[in-house]
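Model the structure of this input:
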Amino acid sequence: MARGKKYKAAIAKVDREKTYPLDEATKLVKETCYTKFDATVDLAVNLGVDPRQADQNVRGAVALPHGLGKTVRIVVFAKGEAAQAAQNAGVEAVGGDDLGNRINGGWLDFDQVIATPDMMGVVGKLGRVLGPRGLMPNPKLGTVTMDVVKAINELKAGRVEYRVDKAGIVHAPVGKASFTAEKLTDNARAVLEAIARAKPASAKGTYLKKISMSATMSPGVKVDPAPFRA
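Residues are numbered from 1 along each chain as shown. Below is the predicted model:
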């Protein structure tokens, strides 16, 4: 794949053999981001787990100290008082079977789904639509709850869900390139500490193997994983 002049100039600033302390890596990611739009900054964390084993399927959620810098579109499956509370909290849509039919009909203009426990029968029918997109509500992630307002506020404030993929890698956004280096560092540290705490008891050997940070279309910067292994 041919690379442009801007990418080549950016990658020339990165020592490909070095792993940088998190704060230095964040500054370098900002320095090497050359897109005209406000790029998203992401972490890629290689874990020493076998995702094929159910007890090593690392997954969780973490609230970022400084949010993600974007508007989160939320739909809520609820009825009665919970539905009214969700409506008052300001979401894209609230409903039950009617909302399910709308989604089954192809409407997917949302980023997160919250459901009260009594509505999971309706949500379960949408598994083929929501599942592959990572949108199925999950009690472990706080998206199956009676306290829908709390869940809505957390998602709007910038809560990030993370999940290890088939290759043993967790990808997670930590903010925008327009954030200060300090805010990106705080957000990235929150994600890395959450992933570290989620280490499965059955995982053997080195858990946090490699960490890389990058902005959209920009080169990756290796982050020193040692401080997060403790």
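
Show me what the lengthiest helix in the chain packs onto, helices and strands only.
In the chain, with assignment by DSSP state H, the single longest helix is helix 181-197. Helices and strands touching helix 181-197, as assessed by 3 or more Cβ pairs under 8 Å, 6 or more residues apart in numbering; DSSP states H and E, comprise helix 22-32, strand 40-47, strand 59-63, strand 159-163, strand 169-176, strand 208-215, helix 226-229. No exception for glycine: its C-beta is placed from N, CA and C like everyone else's.

Give me the angle between the second one and helix 22-32.
The one in question is strand 40-47. For strand 40-47 against helix 22-32, the angle by axes from the mean of the first three to the mean of the last three Cα atoms, to 10 degrees is 140 degrees.

Next, the angle helix 181-197 makes with strand 40-47.
30 degrees.

what comes up buried for strand 40-47?
Thr40, Val41, Asp42, Leu43, Val45, Asn46, Leu47 (16 or more other Cβ atoms under 10 Å).

Nearest to Val29 among these?
Nearest to Val29 among these, counting by Cβ to Cβ, is Val41 at 5.9 Å.

Let me see the mean pLDDT of stretch 190-204.
The average pLDDT within stretch 190-204 is 94.

Oops, could you answer that again for stretch 38-46 instead?
95.

Equivalent analysis for stretch 5-14, please.
For stretch 5-14, the mean per-residue pLDDT is 84.

Next, count neighbours for Glu193.
As a burial measure, Glu193 scores 13 neighbours (other Cβ atoms under 10 Å).

Could you do Arg163 as well?
For Arg163, the count of nearby residues is 16 (other Cβ under 10 Å).

Show me the shaky parts of this structure.
For the chain, residues meeting the criterion pLDDT under 70 lie at 1-3.

Render the CA-only coordinates of the longest helix of the chain in PDB, please.
Extracted C-alpha coordinates of helix 181-197, given in PDB (Å, rounded to 0.1, in the frame of the first residue of the first chain):
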ATOM      1  CA  ALA A 181      -2.200  15.400  25.800                       C
ATOM      2  CA  GLU A 182      -3.000  15.400  29.600                       C
ATOM      3  CA  LYS A 183      -6.700  14.500  28.900                       C
ATOM      4  CA  LEU A 184      -5.800  11.700  26.500                       C
ATOM      5  CA  THR A 185      -3.300  10.300  28.900                       C
ATOM      6  CA  ASP A 186      -5.900  10.300  31.700                       C
ATOM      7  CA  ASN A 187      -8.400   8.500  29.500                       C
ATOM      8  CA  ALA A 188      -5.900   6.000  28.200                       C
ATOM      9  CA  ARG A 189      -4.700   5.200  31.700                       C
ATOM     10  CA  ALA A 190      -8.300   4.600  32.900                       C
ATOM     11  CA  VAL A 191      -8.800   2.100  30.000                       C
ATOM     12  CA  LEU A 192      -5.500   0.300  30.600                       C
ATOM     13  CA  GLU A 193      -6.000   0.100  34.300                       C
ATOM     14  CA  ALA A 194      -9.500  -1.300  33.800                       C
ATOM     15  CA  ILE A 195      -8.200  -3.900  31.300                       C
ATOM     16  CA  ALA A 196      -5.400  -4.800  33.800                       C
ATOM     17  CA  ARG A 197      -8.000  -5.400  36.500                       C
END
